[in-house]
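> output the structure for:
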Amino acid sequence: MMSSSLDKLKALTSRLEEKLEQKNQKAATPSNDVPVKKEVPVSKPVEKSKSSAPDTVRRENIARVKALYEKLKIFEKSPDFDNIFIYKAMNLSGIGLKEEDFGEVREGKYIQIIAITYEPDKNGKKKAKNISLGYFGKAETLDEVLKNEIIEFVLRWRYEKAFQNVEHYKDLIARVDKPADRLF
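I've put the predicted structure just below:
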């Protein structure tokens, strides 16, 4: 679930970048419609710094998640910021996050950020449990800026969760590379 959300976020970012590039190309084309040969810049080798790009992106993402956590008052339902990452998933009710309805509010619905966790029932079987982390009223009354911040919070939370999952699998793979007598 997380990887598909991350893939959708990457696809959306890619499309936005393509549209910006197209817009910039149109603006750079002379008005007499004579095609202009575009020079392709030669990229220089990237020097590795002590702080790698993914680490920087992750730190910036976490900082923004924390800012939105405070702004959206998620702390009222989940007082410890670090604990919001123990949830297995996070969704929105009342706002579409799928490709075909991204950002659309659903008339007549209530806007909520929903965290999903799995807890054992009386028979020990794991059951999904939904926890409301934020309630923002009816869809019709939702401010556009607030809507975007709610969406951003959920997507950035998912992005960090994807980083955590990647880290987990890197650790497991590192264990596989060791001789079998040293796995545990």
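> which strand in this protein has the most residues?
Determined from DSSP state E, the single longest strand within the chain is strand 126-138.
> does anything pack onto that one? Which helices or strands?
Under the contact criterion of 3 or more C-beta pairs under 8 Å, 6 or more residues apart in numbering; DSSP states H and E, strand 126-138 touches strand 110-120, helix 144-177. Glycine gets a C-beta too; all of them are placed from N, C-alpha and C.
> between these, which gets the lowest average pLDDT?
Mean pLDDT values for the helices and strands packed on strand 126-138 show the minimum at helix 144-177, a mean of 89.
> so what strands line up beside the longest strand of the chain?
Strand pairing for strand 126-138, using DSSP bridges, gives strand 110-120 (antiparallel).
> what comes up buried for the strand it pairs with?
111-115 (16 or more other C-beta atoms under 10 Å).
> shaky segments in this structure?
Along the chain, segments meeting pLDDT under 70 span 1-17, 19-52, 177-184.
> who touches the host helix or strand of Leu92?
Leu92 is part of strand 89-93 when elements are defined by DSSP states H and E. Contact with strand 89-93 is made by 1-2, 97, 109-116, 133, 150-151, 154, 157-158, 161, as judged by C-beta atoms under 8 Å, 6 or more residues apart in numbering.
> and the gap between the closest residue to Lys77 other than its chain neighbours and Leu72?
Excluding the flanking residues, the one nearest Lys77 by C-beta to C-beta, 6 or more residues apart in numbering is Leu133, at 4.8 Å. Relative to Leu72, Leu133 is positioned 8 Å away (C-beta to C-beta, to the nearest Å).
> which of the two has more neighbours?
Leu133 (23 against 18; other C-beta atoms under 10 Å).
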